[in-house]
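Engineer: Attaching a predicted model along with its sequence, questions to come.
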Amino acid sequence: MRGFLSADRIRMLVPAASLTVLLIAVFWLQPRAMSYTGLNLLFNLAVPIALATIAQMLIMMVNDLDLSIGTFVSFVACVTATFLQTDPVIGVLILAGCIGVYAGMGVIIHLRNLPSIVVTLGMSFVWGGLAVLILPSPGGTAPDWVRWLMTSRPPLVPMAIVASVLIAVVGHLIVMRSSFGVVLRGVGGNERSVARAGWSIVRARAAAYALAGLFAVLAGICLVGLTTSADANIATRYTLLAIAGVILGGGEFTGGRVSPIGAVIGALTLTLAGSFLSFLRISPDWQIGAQGAILILVLALRLLLNRREQAEQAK
Amino acid sequence: MISGDETAVIAVDGAEKSFGAVRALDGVSFSVRPHECVGLVGHNGAGKSTLVNLITGGLAPDSGSVLVSGMAEGEKFSIAGARAHGVRCVFQELSLCPNLTVEENTRITHPALKGLGWRRRARALIAGKLDAIFPGHGIDCTRMIGDLSIAERQMVEIATAFSESDTRVRLVILDEPTSSLDAGLAAQLLGYVRKFVSEGGAVVIISHILGEILSTADRVVVMKDGRVVSERRAAEFTVETLVGAMGSVVRARDARAPSAAAGEIVLTRKAPAGSGGIDFVARRGELVGLAGLGGHGQTRMLVGLFNAGGGDWVSPKDPRIAFVAGDRHVDGNLPLWSILRNMTISLLPDLTRRGLVDTRAEAEIAARWRERIEVRTKDMANPILSLSGGNQQKVLFARALATRAPVVLMDDPMRGVDIGTKQEVYAMLREEAAKGRTFVWYSTEMDEICQCDRVYVFREGRIVAELAGAEVSEERILSASFAEAAA
């Protein structure tokens, strides 16, 4: 029994099962969604959310939390729609600098022993302000290559699905399979023992933050590719969506227990929940509440299964 | 005294280390040579852990030196340096990452395991060591540590310490390595230790099971109060002489008539069926001591008693149990609050009138207790952290004593408190006990335990001895705390 349904398997099984159930429900309500174009439309906007979720997951992996992901992705979107399009060199430099800022945030949080929530909350205002400075009113244009990438139509499987799978696989390779990812997860699991083994925790934390910055930058670029123009508040809701996605995908706030595949599935589930509610003709006023209800339902299910598992272990 | 010669793997010379008022090491010299297994024994606070921390580079001595053979002149000794010179330690608290698999944890301890195929190499390394130490262990190295049993985790931890990749392991410190292993696994481990030693390795073993020490170690070092009090070949010790060496010269205990021995029973806790332990009973007006080596179930007992007596959702109108926390930084102080507020927090139900705190009554009570316990401060509105450690602890005592609770639980509350404060607290406890209060007192210090009317000695999570009145003596407590052989 314990061989098959270990706590870890349940962690993976619940998100996959909830996505499947939701997908079946959507197809049942709207059979036309079961097509190449239908699937692309359903999951299009999930791609940047999935990238932002991976970024949040990397921060949560080292027992921190990033409250600035939403405004940061908005800022990146503004840079992409302006500088990256007009002066690609400056654009790339700005984005690379952003990743450096993320690494620096990790260093400061570690060295000064600051709560990550406070630092990132402060940074969220900085990013938000910078975004408004760049684009005071909605506008800008997506660079052609970004637009081409996000609207390309690979044979058989729509771009949204290909991109999601790719993000999950790359995330899995970096975090779960590489020897480097092991150290990062170790920091979340038992920082002291990692330090005792002679690793630099500052470096590990900086690496986790820089990696998160990279994924968030990719999220902003992809988002502009889909929307063609940007706005300073384009992605502010990503902060909470990304946290919800990580948790929905089987991750935890502390203890270095994360799953990149789960995080992507979580992001897809959240996006799908929105479409599902529209198909049900629930008024937009109620949608956020209903989305929350779905989240609570899935988490309750996981808790229940985990409890059962623990009871079995205690026997 | 056996002197450390040139070839010693590690040589500590005249090391001193103090933590505030507590002198943890008072001029300790200690060395281990290749081909040698050294047993290190001593009761709580003897300085074993501090010594281990010096050897592993976790702490630097205030004075004296720590030398690892092969270390360059003037090289700063640190955790990484100790590891680089082949010093490994299995710590008492488990130090693996619970969210990683066995092979991933091996990767954490061996930075050399990287690049393509590291997982396979890590698995081969750790599985090979597990097979060598615990043949037939049956641990799947792809499983997560969090899913393993405590014994399996300890086996992995031990195997990790002995495993080598880029550096040779020359000295392994085993701190209570068999605490969660059954007799068969413990025997496998001790057999491996002998083999490792015969091949030129060095081992320091710390254990509360003296039989293990005597059968495995070549030499036994006995510590007490931060000093090495005895050091001899293991063959020259017996369990009795070892226990004798750990105690001090028999101290005359102030004769104390068991106060109100016939008081009614206020607290009981049955030993789990089949554990062979003794039931816990506390009577009105009694000072009950919980003794034994740290971490053998005393705190769990206190928390159990507290949870059984306190309300779950709604706090009871009349408080039944008060708790004095041991680690004041973790569960005692409210660091941002004033002394006054820290003192009166558990009294607030009594001080509340129409939902508001009656500040005048609060100040009155605080002033009364300030006088009684002599908190050394100008103003009770000062932040709690402005006080010295001993005075902070007194405030926590006042917090518990000022309540109407008839039972007070104390979780080793006087670690690191100076002797003067201790004497004041002892007197206060006696006085309160005479008024009919019951105290359950877990302490790692022998002086404090000897203040109690009755003492329960814990070992391996259960009560193994009950001592009352004149029976309470250091010798009796020591011999009950240490087992002759694995249970």
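Structural biologist: It's in.

Engineer: tell me, how many neighbours does B:Cys37 end up with?
Structural biologist: Close neighbours of B:Cys37, defined as other C-beta atoms under 10 Å in any protein chain shown, add up to 25. The way it works is simple: take the backbone N, C-alpha and C, and place the C-beta from them, glycine included.

Engineer: which SS class is A:Gly256?
Structural biologist: coil (DSSP: H, G, I helix; E, B strand; the rest coil).

Engineer: Give the helix, strand or coil label for the closest residue to it other than its chain neighbours.
Structural biologist: Nearest non-adjacent residue to A:Gly256, counting by C-beta to C-beta, 6 or more residues apart in numbering or on different chains: A:Gly188, 2.3 Å away. Here A:Gly188 takes the helix state, with states given by three-state DSSP.

Engineer: There's contact between A:Gly188 and A:Asn63 in this structure, I believe.
Structural biologist: Yes: taking C-beta atoms under 8 Å as the definition, A:Gly188 is a contact partner of A:Asn63 at 5.1 Å.

Engineer: which residues do the two both contact?
Structural biologist: Jointly contacting A:Gly188 and A:Asn63 under the rule C-beta atoms under 8 Å, 6 or more residues apart in numbering or on different chains are A:Thr254, A:Gly255, A:Gly256.

Engineer: What's the PyMOL line that selects buried ones from the residues you listed?
Structural biologist: Applying 16 or more other C-beta atoms under 10 Å in any protein chain shown to the shared contacts of A:Gly188 and A:Asn63, the buried members can be selected in PyMOL as follows:
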select buried, chain A and resi 255+256
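
Engineer: For A:Gly188 and A:Asn63, indicate the residue with more neighbours.
Structural biologist: Legend: neighbour count by other C-beta under 10 Å for A:Gly188 and A:Asn63, higher for A:Gly188 (24 against 17).

Engineer: and the stretch 51-200 of chain A, which of its residues are near chain B?
Structural biologist: Residues of the stretch 51-200 of chain A that fall close to chain B, judged by C-beta under 8 Å from any C-beta of the partner chain: A:177, A:179-180, A:182-183, A:185-186, A:188-190, A:192-199.

Engineer: ok, the spatially closest residue to A:Phe215 that is not a sequence neighbour to A:Ile99 distance?
Structural biologist: With C-beta to C-beta, 6+ apart as the criterion, A:Phe215 has its nearest non-adjacent residue at 3.9 Å, and that residue is A:Ala55. Separation of A:Ala55 from A:Ile99 (C-beta to C-beta, to the nearest Å) stands at 11 Å.

Engineer: Spit out the residues that contact these two alike.
Structural biologist: Common contacts of A:Ala55 and A:Ile99 (C-beta under 8 Å, 6+ apart): A:Gly213, A:Leu214.

Engineer: if I look at B:Ser18, how far off is A:Ala17?
Structural biologist: 58 Å.

Engineer: and B:Asp312, what pLDDT?
Structural biologist: Here, the pLDDT recorded for B:Asp312 equals 60.

Engineer: wait, I meant B:Arg459
Structural biologist: 87.

Engineer: cool, B:Ala260 as well?
Structural biologist: B:Ala260 is assigned 49 on the pLDDT scale.

Engineer: and if you look at B:Glu484?
Structural biologist: B:Glu484 is assigned 72 on the pLDDT scale.

Engineer: In contact with the residue nearest to A:Phe215, which residues?
Structural biologist: Applying C-beta under 8 Å, 6+ apart, the residues near A:Ala55 are A:Asp66, A:Ile69, A:Ala212, A:Gly213, A:Leu214, A:Phe215, A:Ala216, A:Ala219, A:Ala242.

Engineer: so the last one sits right up against A:Ala50, yeah?
Structural biologist: No: taking C-beta under 8 Å as the contact criterion, A:Ala242 and A:Ala50 are not neighbours in contact, 9.3 Å apart.

Engineer: Between the two, which contacts overlap?
Structural biologist: In contact with both A:Ala242 and A:Ala50: A:Ala267, using C-beta under 8 Å, 6+ apart.

Engineer: can you tell me the helix or strand for the closest residue to B:His296 other than its chain neighbours?
Structural biologist: Distance criterion C-beta to C-beta, 6+ apart; nearest residue to B:His296, sequence neighbours excluded, is B:Phe458 at 4.4 Å. Assigned by DSSP states H and E, B:Phe458 belongs to strand B:454-459.

Engineer: At the geometric centre of the chain, which residue sits there?
Structural biologist: Assuming you mean chain A. Nearest residue to the geometric centre of chain A (C-alpha atoms, centre = their mean): A:Thr53, 0.8 Å.

Engineer: my bad, the chain I had in mind was chain B
Structural biologist: The centre of chain B sits closest to B:Gly294, judged by C-alpha atoms, centre = their mean, with a distance of 3.6 Å.

Engineer: after the lowest-mean-pLDDT helix or strand in chain B comes which helix or strand?
Structural biologist: When each helix and strand of chain B is scored by mean pLDDT, DSSP states H and E, helix B:328-331 comes last, with a mean of 75. The first helix or strand that comes after helix B:328-331 along the chain, using DSSP H and E, is helix B:339-344.
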